[in-house]
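>>> Fold the following.
(chains A and B)
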Amino acid sequence: MIDVLVAGLRANSCAVTGPVGVDEARAAIVEHVAPGALVACNDDVPIPDLTDALRDRGAELLPPDDPAWFARLPDAAFGITGSRLAVADPAAIALAAAPGSPRGTSLLPPSHLCIVRVDDVMATLEDAMTMIAARELPSALTWIGGPSRTGDLEMVTTLGVHGPRAVEVILLDGL
Amino acid sequence: MSAHDGHAITTPGADFRERTASAVADPVLQQALHNLDRRFRTASEAAAAHPGRKERAAAIRRETLRDLDGWLDRLEAALTARGVHVYRAATPAEARRTIVDLARARGARTVVKSKSMATEEIDLGNALVDAGLTSIETDLGEYIVQLAGERPSHMITPAIHKTLAQIRDVLAAEANRELPVDREALTEWAHQRLRGEFLRADIGVTGVNFAAADTGTLVLVTNEGNGRFCTTWPRTHIALMPVEKVIPRLADTGVLLPLLTTHATGQSLSNYVTMLSGPRREGEADGPDELHVVFLDNRRRTLLGTKYEEMLACIRCGACLNVCPVYRNVSGHAYDAVYSGPMGKVLTPLLSGGAEGTDLPYGSSLCHACSDACPVRIPLGDMILSLRADVPAPQSAPRRRRRVFWTVWSRAWATPSGYRATTAIGRISRGKVPGLRAWTATRDLPRPARRSFRDRWAEEHR
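Now for the predicted structure:
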């Protein structure tokens, strides 16, 4: 199932790392982020000490409870989020809006890093929707297949039209 | 939805027949339409991979239509319980007024729109401009079409009728500087320009792909992320929902979403699917403070219980356009209507109460490719044929001539003497009947036998 997810995400132009443990995941994220960059990071990222590691890297953090979050998010270079669940076929990751997990982190920055726990991967969208519909729904549940794209220019796919041009998915091993 | 309503006319002609002729004669349009072949192949291959889905989806849509009013009441109750404001608009004028009043009451200046055929149907963009607001289409194709002063020619790819060079010309005119004929560069320019609009917008307007009655959830499908922006950044989100978009259960999207996107673009799922259950909640940093949903009827409910009821099962995937031999040769503007292709031929006369598009059902080869392609099994070909009988077509000169021909023919062949006289003329003229050139230009008229069966029978049984 994880192989199907990885193949599907790659076919959608995502970069995929893992499955890896938390230390490797933290290292992969830190390595990805450019020093000096403004990084928006949601609270639902399941990696302890990530913000300290990013600060050590020289990144400037923009947490969701920052009073300037709304004004500064358009300038962020990276958005880091967790996820509620993922589906292997069709390959997609679902992000739930919540206090501490705003919608814009996975939308405005040109690069989105998303952490998915392998325990949260389901086989099909039908399974996932049956489970989701039976639980308390978030104000926004956003399914993401890969980088923002358009087919409007002579029906050739072009990336990065409104949302992120790059999506990196980091799969996190079961704990 | 009236003819032209201020949009540029790219495919001229007084009726569908004349407009199809000018579309076929337009070399640049024909070049642009070649791109449709690619979509057609990927989408039909992807759709064939899951044969069982069509039946399940068709069943869900018919279950909805059996009690449409009941599901709408349940949806309204569920939305209201989530703090969503619901309005019911019987006509396009009512829907326009509701949305314009909401915008005015909030002192809004800029509205960003995510591509929605329903907003095209009520001509919302012009209504907002007339009310003194700036209305920006944010789907790239729809933005190009808006800048060109046109209307979408395909419900999934609105600018399919334009080549990259034409798109460059439209965007360069707006940018007021040179832009290269290069997809990446043009996309980057549009990204920068529209990002500014998103950040300044007061209101986001979207359509709705599905609305789940059990949970009060609105489902939106996009690839670019403009639908996400319209529902994330502006303080107010207004969704326009044609009444047939309701589905009984949120879990039904597990079947309907992959079906919609495979038939629309060949993707197993669109890049983004947004499921909204109410406005922003306490403590959330973004999302709209207010969420308003306008249910649009516009004669849809009058189709319930008629032979056209199943048209309301349509999920607007565009598969019938992509396979239609007429659409593939003439593109959407020839239809001079919001909805084009086979579904447009059915929907346009029905939604206008027989006032518009009544000649569209005649411009069909009745090949039924649309019926076969439809993911929810709407018998489009049968409906096109029925509409020829049920909706009186405007009287054109060829149609009048045809009626005279059939009247004379049916009277003549009603009597043995009339039959003998006319077939004798046919034999003498050897099938070269004047006035039949339009028919015989592309077909062979069978040559009549030298001697008629009646003559031979009479001779042999003398």
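
>>> Could you report the distance from the residue of chain A most remote from its centre to chain B?
Most distant from the centre of chain A: residue A:154, at 29.4 Å, with distances by Cα atoms, centre = their mean. Distance from residue A:154 to chain B, counting by Cβ to the nearest Cβ, to the nearest Å: 5 Å. The way it works is simple: take the backbone N, C-alpha and C, and place the C-beta from them, glycine included.

>>> Report the secondary structure element holding that residue.
Using DSSP states H and E, residue A:154 falls within no helix or strand.

>>> check contacts around it.
B:32, B:35, B:163, B:164, B:183 (Cβ atoms under 8 Å, 6 or more residues apart in numbering or on different chains).

>>> Read off the pLDDT value for the fourth one.
By that I understand residue B:164. Here, the pLDDT recorded for residue B:164 equals 94.

>>> for the residue most central in space within chain A, helix, strand, or coil?
For chain A, residue A:114 is the residue whose C-alpha lies nearest the centre (Cα atoms, centre = their mean; 2.4 Å). Counting by DSSP: H, G, I helix; E, B strand; the rest coil, the backbone at residue A:114 sits in strand.

>>> Show me what residue of the stretch 301-450 of chain B gets nearest to chain A.
residue B:322 (11.0 Å; Cβ to the nearest Cβ).

>>> That residue against residue B:38, yeah?
No. Residue B:322 lies out of contact with residue B:38 (Cβ atoms under 8 Å); the separation is 10.2 Å.

>>> out of these two, which sits in the busier spot?
residue B:322 (29 against 14; other Cβ atoms under 10 Å in any protein chain shown).

>>> Confirm that one sits in a strand?
No. Judged by three-state DSSP, residue B:322 forms no part of a strand; its state is helix.

>>> Give me the local confidence score for residue B:397.
68.

>>> Briefly note if the host helix or strand of residue B:220 comes near chain A.
Element membership for residue B:220, per DSSP H and E: strand B:217-222. Yes. Counting by Cβ under 8 Å from any Cβ of the partner chain, chain A is contacted by strand B:217-222 at residue B:217.

>>> Quick one: distance of the next helix-or-strand element following that strand to the chain centre.
Where DSSP H and E defines the elements, the next helix or strand beyond strand B:217-222 is helix B:226-230. Put simply, helix B:226-230 sits 22 Å off its chain's centre (Cα atoms, centre = their mean, to the nearest Å).

>>> Break down chain A into its helices, ranges please.
A:2-11, A:22-32, A:50-56, A:69-72, A:125-133 (DSSP state H).

>>> for chain A, what are the low-confidence residue spans?
A:175 (pLDDT under 70).

>>> Show the pLDDT at the residue of the stretch 301-450 of chain B closest to chain A.
Looking at residue B:322, the pLDDT reads 91.

>>> what about it, distance to residue B:116?
From residue B:322 across to residue B:116, the span is 20 Å (Cβ to Cβ, to the nearest Å).

>>> now check the biggest helix by length in chain B, is it near chain A?
Ranked by residue count under DSSP H, the longest helix found in chain B is helix B:183-200. Yes. In terms of Cβ under 8 Å from any Cβ, part of helix B:183-200 sits within range of chain A, namely B:183, B:184, B:186, B:187, B:188, B:190, B:191, B:194, B:195, B:198, B:199.

>>> How far off centre is stretch B:95-102?
23 Å.

>>> and if you look at stretch B:214-222?
21 Å.

>>> can you list contacts of stretch B:354-371?
In contact with stretch B:354-371 (Cβ under 8 Å, 6+ apart) are residues B:1-3, B:15-17, B:20, B:320, B:323-326, B:335-337, B:341-346, B:348-349, B:377-382, B:384-385, B:387-388, B:391-394, B:396.

>>> Quick check on these: which are buried?
By neighbour count, with 16 or more other Cβ atoms under 10 Å in any protein chain shown, the contacts of stretch B:354-371 hold B:1, B:15-16, B:20, B:320, B:323-324, B:326, B:335-337, B:341-346, B:348-349, B:377-381, B:384, B:387, B:391, B:393, B:396 as buried.

>>> Which of those residues fall within helices?
Per DSSP H, those map to helices at B:16, B:20, B:320, B:323, B:341-346, B:348-349, B:380-381, B:384, B:387.

>>> Name the residues of the stretch 1-150 of chain B found near chain A, please.
Going by Cβ under 8 Å from any Cβ, the residues of the stretch 1-150 of chain B near chain A are B:32, B:35, B:36, B:38, B:39, B:138, B:139, B:140, B:141, B:144.

>>> quick one, strands of the stretch 101-250 of chain B?
B:110-113, B:134-137, B:203-206, B:210-212, B:217-222, B:236-242, B:246-247 (DSSP state E, counting those that start in this stretch).

>>> Dump these to JSON lines, plus distance to residue A:72 and mean pLDDT.
As requested, the strands of the stretch 101-250 of chain B are exported to JSON lines (distance: least, Cβ to Cβ, whole Å; pLDDT from 0 to 100):
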{"stretch": "strand B:110-113", "distance to residue A:72": "21", "mean pLDDT": "97"}
{"stretch": "strand B:134-137", "distance to residue A:72": "24", "mean pLDDT": "96"}
{"stretch": "strand B:203-206", "distance to residue A:72": "21", "mean pLDDT": "98"}
{"stretch": "strand B:210-212", "distance to residue A:72": "34", "mean pLDDT": "98"}
{"stretch": "strand B:217-222", "distance to residue A:72": "25", "mean pLDDT": "97"}
{"stretch": "strand B:236-242", "distance to residue A:72": "22", "mean pLDDT": "98"}
{"stretch": "strand B:246-247", "distance to residue A:72": "39", "mean pLDDT": "98"}
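
>>> among the ones you listed, which is the most enclosed?
Ranked by mean neighbour count, the strands of the stretch 101-250 of chain B are led by strand B:203-206 with a mean of 28 (mean count of other Cβ atoms under 10 Å in any protein chain shown).

>>> Partner strands of it and their direction?
strand B:110-113 (parallel), strand B:236-242 (parallel) (DSSP bridges).

>>> now what about the first one, what contacts it?
Going back to what we said before, that points to strand B:110-113. Under Cβ under 8 Å, 6+ apart, the answer for strand B:110-113 is B:103, B:119, B:124-125, B:128, B:133-138, B:142, B:197-198, B:200-206, B:226, B:229-230, B:234.

>>> just to revisit the earlier point, now the buried members of the residues of helix B:183-200 next to chain A.
For the residues of helix B:183-200 next to chain A, buried by 16+ other Cβ under 10 Å: B:183, B:186, B:187, B:188, B:190, B:191, B:194, B:198, B:199.

>>> Surely residue B:151 is in contact with residue B:145?
Yes. Counting by Cβ under 8 Å, residue B:151 does reach residue B:145; the two are 6.6 Å apart.

>>> Chain A: strands as residue ranges?
A:15-20, A:38-41, A:60-62, A:78-81, A:85-89, A:92-96, A:111-117, A:121-124, A:140-144, A:149-150, A:158-159, A:166-172 (DSSP state E).

>>> The fifth one: partners in the sheet, and parallel or antiparallel?
Going back to what we said before, that points to strand A:85-89. strand A:92-96 (antiparallel), strand A:121-124 (parallel).

>>> Same list (these) but as a markdown table, adding mean neighbour count.
Below are the strands paired with strand A:85-89 laid out as a markdown table (neighbours: other Cβ atoms under 10 Å in any protein chain shown):
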| stretch | mean neighbour count |
| --- | --- |
| strand A:92-96 | 25 |
| strand A:121-124 | 17 |
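
>>> and those strands as TSV, adding distance to residue A:165?
As requested, those are exported to TSV (distance: least, Cβ to Cβ, whole Å):
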stretch	distance to residue A:165
strand A:92-96	17
strand A:121-124	25
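
>>> rewinding a little: export the strands of the stretch 101-250 of chain B as a markdown table, with columns for distance to residue A:139.
Putting the strands of the stretch 101-250 of chain B into a markdown table (distance: least, Cβ to Cβ, whole Å) gives the following:
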| stretch | distance to residue A:139 |
| --- | --- |
| strand B:110-113 | 19 |
| strand B:134-137 | 25 |
| strand B:203-206 | 15 |
| strand B:210-212 | 15 |
| strand B:217-222 | 10 |
| strand B:236-242 | 11 |
| strand B:246-247 | 20 |
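
>>> Flag the shaky bits of chain B, pLDDT-wise.
Judged by pLDDT under 70, the stretches of chain B that qualify are B:1-7, B:9, B:39-43, B:46-47, B:394-398, B:430-439.
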